[in-house]
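Novice: Need coordinates for the below:
(chains A, B and C)
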Amino acid sequence: MEFEDRVKSLIRSIPRGRVATYAQLAALAGNHRAARQVARVLHSSSRKDRLPWHRVINSRGGISLGRGRGFEEQKRLLKAEGVPADRSGRVDLGAFQWEPPGLHGPRLRPPRIAVVRP
DNA sequence: GGTATGACGGACA
DNA sequence: ATGTCCGCCATAC
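Specialist: A predicted model of the protein is given here:
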């Protein structure tokens, strides 16, 4: 359960007033393709482990929870710590995305290598 | 081993 | 901008 533990630790380290994306957390946890596992961790453990789950949003800067399934609460919790979300749940990533300390030029994803399309 | 799940992401029309 | 398609992979069973 290494990956899951790293994800939880990362989520706990997101400061108030900032957000992180699923893909970002997956990459920081060691697997840039495991965004879905981050979602799964939140789904299954955010309540039990008291995680600041509302600071996790999708790569387009949006709230991924549906209306009536947490959307409103997430928006409210974010607003309460100074992160505004518009009516569609959109947050300005450029202004509020968490940047973990210690990384100079964070390479969250491997460079795209040339690929031939058959 | 296999199947199902999951609050996803990127590419493309 | 919106919507669809498909790859991805850690877990649970």
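
Novice: The residue nearest the centre of chain A bridge partners, please.
Specialist: The centroid of chain A falls nearest to residue A:21 when counting by C-alpha atoms, centre = their mean (2.6 Å). Using DSSP bridges, the bridge partners assigned to residue A:21 are residue A:57.

Novice: who's in contact with it?
Specialist: A:35, A:56-59, A:61, A:93, A:97 (C-beta atoms under 8 Å, 6 or more residues apart in numbering). For glycine as for every other residue, the C-beta is placed from the backbone atoms N, C-alpha and C.

Novice: likewise residue A:6?
Specialist: Residue A:6 neighbours (C-beta under 8 Å, 6+ apart): A:28-30.

Novice: Phi and psi next, for the closest residue to residue A:64 other than its chain neighbours.
Specialist: Nearest residue to residue A:64, sequence neighbours excluded (C-beta to C-beta, 6 or more residues apart in numbering): residue A:58, at 4.7 Å. For residue A:58, the backbone dihedrals are phi -90, psi 170 (criterion: degrees, to the nearest 10).

Novice: Now for residue A:58, how many residues are close by?
Specialist: By the criterion of other C-beta atoms under 10 Å, residue A:58 has 16 neighbours.

Novice: go on, residue A:77?
Specialist: 15.

Novice: Wait, it touches residue A:54, no?
Specialist: Yes. Residue A:77 is in contact with residue A:54 according to C-beta atoms under 8 Å; the separation is 4.0 Å.

Novice: Spell out which parts of chain A neighbour DNA strand B.
Specialist: A:21-23, A:35-40, A:42-43, A:46, A:53-54, A:56, A:58-60, A:64-65, A:70, A:74, A:109, A:112, A:117 (C-beta under 7 Å from any atom of the strand).

Novice: Dump the contacts of residue A:6 to TSV, plus pLDDT.
Specialist: Putting the contacts of residue A:6 into TSV (pLDDT from 0 to 100) gives the following:
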residue	pLDDT
A:28	96
A:29	95
A:30	94
